[in-house]
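Student: need coordinates for the below:
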Amino acid sequence: MTGARGKGAAKNKAEALKPTEDRKVGKRKAPVDKSSIRKAKKERRAKKDPNKPKRPPSAFFVFLEEFRATFKKENPNVKAVSAVGKAAGQRWKSMSEEEKRPYEAKAEKRKADYEKQMKIYNKQQESSANNGVGDDDEGEEEGQEQQDDDEEEEEEEDDDED
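Tutor: Next comes the predicted model:
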C-alpha cells in the first residue's frame, strides 16, 4: 500500500520537484529586514562621548607602532594589514622579557597619563551634570587639543631617545 508518508507528500517524483506555491498563498513567513534590527540596536546603545579620552594601548600595540614602520621599510611590496600583524605577533612572541621591557614601560606611562585624563574628564562630567550644562563647553575642546599636543611632543621625545 502506497500511502502518503507525510503531511502533503507528493504522489510522484514529478510533483515533488515542482516548486510549491506557498509563497503566493502566504503560508511562509515574510523575510525580515535586518537593517531595521541593526538600527534598533544602535538606538538602544548609549552615544559615545567624543571628548572622552581613548584607552591606552597595551605593550604589544606600542611595539606594533614601531614595528609597522620598520616592516614597511623592509617590505615595501606588502600591503596587507594581516601580513604586518602576523609578522609582528611572531616577533613579539619570540622576544625575551628584557626586549619587551621598554614597550611595557611606555605602555605603563601612557596608562598613567590616561588615568589622569580620565580623572579630569570625570570631574568635568560631574560638574556639568550638577550644573545642568550641556556638552557644548568650548574650554573642554581646547583642553583636549592641548593634551593631544602634549602627547605628540612626548612621543617625539621618546623617538629621539631611541
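Student: ranking helices and strands of the protein by mean pLDDT, which lands last?
Tutor: helix 138-161 (a mean of 53; mean pLDDT, DSSP states H and E).
Student: now for the longest helix seen in the chain, which elements pack on it?
Tutor: Secondary structure of the chain per DSSP state H: the longest helix is helix 97-131. With contacts taken as 3 or more CB pairs under 8 Å, 6 or more residues apart in numbering; DSSP states H and E, helix 97-131 sits against helix 59-74, helix 138-161. Placement of C-beta: from N, CA and C, glycine included.
Student: which of the residues in that helix are buried?
Tutor: Within helix 97-131, the residues scored as buried using 16 or more other CB atoms under 10 Å are K100, P102, Y103, K106, A107, R110, D113, Y114, Q117, Y121, Q124.
Student: and the third one, what is it in contact with?
Tutor: Looking back up the chat, that one is Y103. Residues counted as contacts of Y103 (CB atoms under 8 Å, 6 or more residues apart in numbering) are A59, F60, V62, F63.
Student: determine which two of these are furthest apart.
Tutor: Farthest-apart pair in those is F60 and V62; separation 7.3 Å (CB to CB).
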